[in-house]
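In: Sequence first, predicted coordinates after that:
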Amino acid sequence: MSYKNFPMVPRVIFGRGSFNQLNDILAPKRQSINAPFIYLVDDVFKNTTWLTSRISLSYDDKIIFVSTKEEPKTTQVDELVEDIILKTKARPSGIIGIGGGSVLDLAKAVSIMITNEGESKDYQGWDLVKNPAIYHVGIPTISGTGAEVSRTTVLTGPEKKLGINSDFTPFDQVVLDSELTKDVPKDQWFYTGMDCYIHCIESLNGSYLNAFSKSYGEKALDLCKEIFLDDNIGPSNIEAQENLMMASWHGGMSIAYSQVGVAHAMSYGLSYLLGTKHGIGNCIVFDHLEEFYPEGVALFKEMKALHGIELPQSICAQLTDEEFEIMINVALGLEPLWENAVGKNWKKIITRDKLKALYQKM
Ligand code: NAD
Ligand code: ZN
């Protein structure tokens with residue numbers, strides 16, 4: 001038996017207002033006056049001066065606002081990297097991602113591709129990255145995905161939606177300032193928060209579970225329950241903002257040493273074919289998974305009702321047989337997720353017909 005030896009985020013600053021210390025954190029990391037810091041910022045903040053005015057740009061530093069209408073693509077990463085390399089005099093001092101899972105993943109991928117040749121699609125998979133990334137910092141503005149702690153950056157490529165999983169992927173520095181999450185809209189708060197909840201359920205009910213994952217997963221699950229089982233709590237509750245930030249962190253740590261499961265496998269199918277985003281996609285799928293996660297789904301339905309969340313229905317109603325096949329192929333390709341969820345003999349239980357019947361309910 002050989003155990004995996006995982007890297008972790010080596011530095012983290014936590015606290016309301018800690019974002020104000022960003023410039024002090026970055027200053028010693030500047031390589032030269034020609035080596036800028038590049039900030040990738042969710043374009044939802046384009047006119048949010050209370051946030052952007054706190055980023056102090058020196059020399060050739062630059063903010064690039066990125067749209068998160070669609071989840072990150074390998075082509076988008078390649079274009080950003082090309083643009084950065086062309087327009088900077090020297091290799092940047094660092095990449096700073098400010099946003100949700102989409103922007104955090106972009107920042108990780110760009111920092112890797114600045115030092116690795118070729119196209120990002122060639123690195124989708126496990127341990128394919130050869131050279132260390134440049135310094136990269138993650139600053140979440142919405143909590144739940146765990147992208148701030150994880151060893152992956154999920155990208156949609158020409159052939160697959162798959163992460164760049166590598167020892168060079170985790171951030172060198174994370175800034176956890178719950179104030180940045182204060183204006184998240186309620187629906188999105190629920191969807192991304194439920195990503196964390198689903199990470200916990202899938203990790204805690206998986207065959208890969210171990211004491212490492214269990215300890216983090218249980219803490220994250222408790223925090224999620226505390227937040228989402230109380231209809232007095234919403235996205236503007238400060239204590240809940242702090243708790244959800246830590247739940248996201250722990251949920252991410254939990255799956256680092258185990259895996260996610262059925263909801264993630266099937267949601268990747270929806271995302272690949274229909275572009276359904278991760279948080280809402282997981283919710284749409286999870287709502288129909290009572291047979292796999294009876295208690296987790298019952299509680300999910302309760303939280304959904306408490307917060308008045310209505311999920312889209314019949315998104316698969318008009319699909320052709322070929323389209324179902326595409327989703328099923330994507331889902332079945334994620335073998336470790338199925339093995340974790342259902343066990344070694346998963347192929348006997350998870351047939352194509354079974355998946356089609358499930359997708360038809362969504
Ligand atoms: P997101 O980053 O796509 O953001 C969702 C929406 O919330 C966007 O419209 C964004 O503009 C908005 N938003 C973010 N912060 C806001 C704020 N403070 N105020 C107002 N609006 C705000 O969503 P997400 O759910 O955080 O991330 C999903 C992505 O994360 C997917 O691409 C998924 O593949 C990826 N993901 C990665 C990992 C990982 O380990 N790397 C894990 C899970 C999910
Ligand atoms: Zn997830």
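Out: That came in fine, so what should we check first? Numbers count the residues shown, from 1 in each chain. Ligands and ions are numbered 1, 2, ... in the order given.
In: In the chain, what residue spans correspond to helices?
Out: 22-26, 49-52, 74-87, 101-113, 186-204, 211-228, 238-256, 262-274, 278-286, 294-306, 321-333, 335-342, 346-349, 352-361 (DSSP state H).
In: Now Pro185. Nearest residue, chain neighbours left out?
Out: What sits nearest to Pro185 in space, not counting adjacent residues and going by CB to CB, 6 or more residues apart in numbering, is Pro235, at 7.3 Å. The way it works is simple: take the backbone N, C-alpha and C, and place the C-beta from them, glycine included.
In: and if you look at Ile280?
Out: Tyr191 (4.6 Å).
In: any idea how far that neighbour is from ligand 1?
Out: Distance, Tyr191 to ligand 1, by CB to the nearest ligand atom, to the nearest Å: 6 Å.
In: Okay, buried residues for stretch 163-182 please.
Out: By neighbour count on 16 or more other CB atoms under 10 Å, the buried set for stretch 163-182 is 163-166, 168-181.
In: so what's the residue nearest to Pro185 up against?
Out: Neighbouring residues of Pro235 by CB atoms under 8 Å, 6 or more residues apart in numbering: 181-186, 189, 241.
In: quick one on the thing from earlier: my guess is the residue nearest to Ile280 contacts Ile284, does it?
Out: No - using CB atoms under 8 Å, Tyr191 makes no contact with Ile284, being 9.6 Å away.
In: Could you pull up the contacting residues of Gly100?
Out: 42, 68, 140-142, 145, 147, 192.
In: can you do 10 Å?
Out: Applying CB atoms under 10 Å, 6 or more residues apart in numbering to Gly100 gives the contacts 42, 44, 68, 140-145, 147-148, 181, 184, 188, 192, 277-279.
In: Common neighbours of Tyr191 and Ile284, please.
Out: With CB under 10 Å, 6+ apart, Tyr191 and Ile284 have common neighbours Leu311.
In: Give me the neighbour count for the residue of the stretch 251-362 of the chain found nearest ligand 1.
Out: Proximity to ligand 1, evaluated over the stretch 251-362 of the chain using CB to the nearest ligand atom, is greatest for His278 at 3.7 Å. His278: 25 surrounding residues under other CB atoms under 10 Å.
In: Kindly give the local confidence score, pLDDT, for it.
Out: His278 is assigned 97 on the pLDDT scale.
In: who's in contact with it?
Out: 71, 100-102, 105, 144-145, 147, 154, 161, 191-192, 195, 264, 267-268, 270-271.
In: do Ile13 as well
Out: 19, 21-22, 25, 139, 173-177 are the contacts of Ile13 under CB under 10 Å, 6+ apart.
In: With distance to ligand 1 and pLDDT added, can I get those residues in a markdown table?
Out: Converted to a markdown table, those look like this (distance: CB to the nearest ligand atom, whole Å; pLDDT from 0 to 100):
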| residue | distance to ligand 1 | pLDDT |
| --- | --- | --- |
| Phe19 | 12 | 98 |
| Gln21 | 19 | 98 |
| Leu22 | 16 | 98 |
| Ile25 | 20 | 98 |
| Ile139 | 11 | 98 |
| Gln173 | 16 | 98 |
| Val174 | 13 | 98 |
| Val175 | 14 | 98 |
| Leu176 | 13 | 98 |
| Asp177 | 11 | 98 |
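In: Which of the residues you listed lies at the shortest distance from Gly333?
Out: The nearest member of these to Gly333, counting by CB to CB, is Val174 at 30.1 Å.
In: Low-confidence stretches in the stretch 201-350 of the chain?
Out: By pLDDT under 70, the stretch 201-350 of the chain has no low-scoring segment.
In: Wait, Glu310 touches Lys304, no?
Out: Yes - counting by CB atoms under 10 Å, Glu310 touches Lys304, with 8.3 Å between them.
In: who has more neighbours, the two?
Out: Lys304 (18 against 8).
In: For the more buried one, give its distance to Tyr197.
Out: Separation of Lys304 from Tyr197 (CB to CB, to the nearest Å) stands at 11 Å.
In: overlap in contacts of the two?
Out: With CB under 10 Å, 6+ apart, Lys304 and Tyr197 have common neighbours 190, 228, 283, 286.
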